[in-house]
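In: Requesting a structural model of the entry that follows:
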Amino acid sequence: MDHRLTPRTLTWDEVDPGRHPFDAVSAHEVVRGLAPASAVPARPAGQAGQRRVIAWSHEVGAAWADSMTRALIERYGRWAAGWRWAVDEGDFGGGPVQTWCCPNHSITGADETVARVADSLVEWRGWLDDLAERFERFPLGDPVDRDEVWERAAVHLVHHVVDRTGAGDAWYGHCAQVLTWFLARWGVADGVAGHLVDQAIGGRFESWVGPAETLVTDVAERFARAAEDAFAAPDRD
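Out: The predicted model follows:
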């Protein structure tokens, strides 16, 4: 798949609402005006789990959804690629979007499908707005207290992602991304931030399992120590 279509690789610079204006009120009209909106493919009759419907979803439906993602990116920027990052086993899996699942479930009538795309885009943007607001709750003040701020932020954000995703399939991927975005917001380079988060989590989060509080605490403590070291490094940028 085209790298630009994959929300898992989105950076904070690409999704930061402060850098990318968006008008939710006009989103439905904008989406209806995009070229793919006039070419919604007809879904075959049958249940979403039937083999022929799944085959159509992987071939025809996915190609149309990709074309819609390209059109949305062209209009709004790459942050829009997250519109179909569904919870559980959706198009990408493990995301925060509940309005869209996947072509075999979410492509229905043409008008309804286009409206669902717009609703999903608005939902995704709302999640980004929410994260940006939460990041600001943990500003870096006195260096003496900074490690405590990192730790409290990590606990808060892990719980928030768990609540949003239901700790379903592959939820931990987006959780790691959110923690990486948080570090990036406060000046840690993306590559360094991702490495620090991977070290803190250590592969201990699992699909379909909400993390025990002791695990969240341990991850947060590791995250705080690593983040403080990275933030204090003179070449962090």
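
In: rest of the way, CA atoms for contacts and neighbours
Out: Will do.

In: Asp23: neighbour count?
Out: Using other CA atoms under 10 Å, Asp23 has 10 neighbouring residues.

In: Just list the residues touching the residue lying closest to Phe205 once chain neighbours are set aside, thanks.
Out: Using CA to CA, 6 or more residues apart in numbering and skipping residues adjacent in sequence, the residue nearest Phe205 is Tyr172, 6.0 Å away. Residues near Tyr172 by CA atoms under 8 Å, 6 or more residues apart in numbering: Gly94, Phe205, Glu206, Ser207.

In: Just the buried ones from the residues you listed?
Out: Gly94, Phe205, Ser207 (16 or more other CA atoms under 10 Å).

In: Dump those residues to CSV, plus distance to Ser26.
Out: Below are those laid out as CSV (distance: CA to CA, whole Å):
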residue, distance to Ser26
Gly94, 28
Phe205, 38
Ser207, 36
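
In: For my notes, please list these in TSV and give pLDDT for each entry.
Out: Converted to TSV, these look like this (pLDDT from 0 to 100):
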residue	pLDDT
Gly94	92
Phe205	97
Ser207	94
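
In: Next step: the residues you listed restricted to strands.
Out: Among the buried ones among the contacts of Tyr172, none falls in strands (DSSP state E).

In: now, among those residues, which is nearest to Pro36?
Out: Comparing the buried ones among the contacts of Tyr172 against Pro36 with CA to CA places Gly94 closest, at 25.5 Å.

In: how about the closest residue to the closest one other than its chain neighbours, what does it touch?
Out: Closest residue in space to Gly94, ignoring its immediate chain neighbours: Trp171 at 4.0 Å, by CA to CA, 6+ apart. By CA under 8 Å, 6+ apart, the residues touching Trp171 are Val87, Asp88, Gly93, Gly94, Gly95, Val161, Val162, Thr165, Glu206, Ser207.

In: Domain-wise, how is this protein divided?
Out: As assigned by automatic domain parsing, the chain contains the domains 3-131, 138-232.

In: hey, where'd the helices end up in the protein?
Out: 12-15, 27-32, 51-56, 62-76, 103-106, 110-135, 146-165, 171-185, 190-201, 213-232 (DSSP state H).

In: Report the buried residues of the second one.
Out: Applying a neighbour-count criterion of 16+ other CA under 10 Å, the buried positions in helix 27-32 are Ala27, His28, Val31, Arg32.

In: Repeat that for the first one.
Out: Burial within helix 12-15, assessed by neighbour count using 16+ other CA under 10 Å, is assigned to Trp12, Val15.

In: Report the distance from that helix to the chain centre.
Out: Distance of helix 12-15 from the chain centroid (CA atoms, centre = their mean, to the nearest Å) equals 11 Å.

In: List only those of the contacts of Trp171 flagged as buried.
Out: Here, 16+ other CA under 10 Å leaves Val87, Asp88, Gly93, Gly94, Gly95, Val161, Val162, Thr165, Ser207 buried among the contacts of Trp171.

In: ok, how many other residues are close to His145?
Out: Slight slip there: residue 145 is Asp, not His. 10.

In: ok, Thr69 - contacts?
Out: Counting by CA under 8 Å, 6+ apart, Thr69 has contacts Leu5, Ala80, Ala81, Trp83.

In: before we move on, back to that, let me know which of the helices of the chain is the nearest to Val40.
Out: helix 110-135 (5.5 Å).

In: what packs against the worst-scoring helix or strand of the chain on mean pLDDT?
Out: The helix or strand of the chain with the lowest confidence, counting by mean pLDDT, DSSP states H and E, is helix 51-56 at a mean of 83. In terms of contacts (3 or more CA pairs under 8 Å, 6 or more residues apart in numbering; DSSP states H and E), helix 51-56 is packed against helix 103-106.
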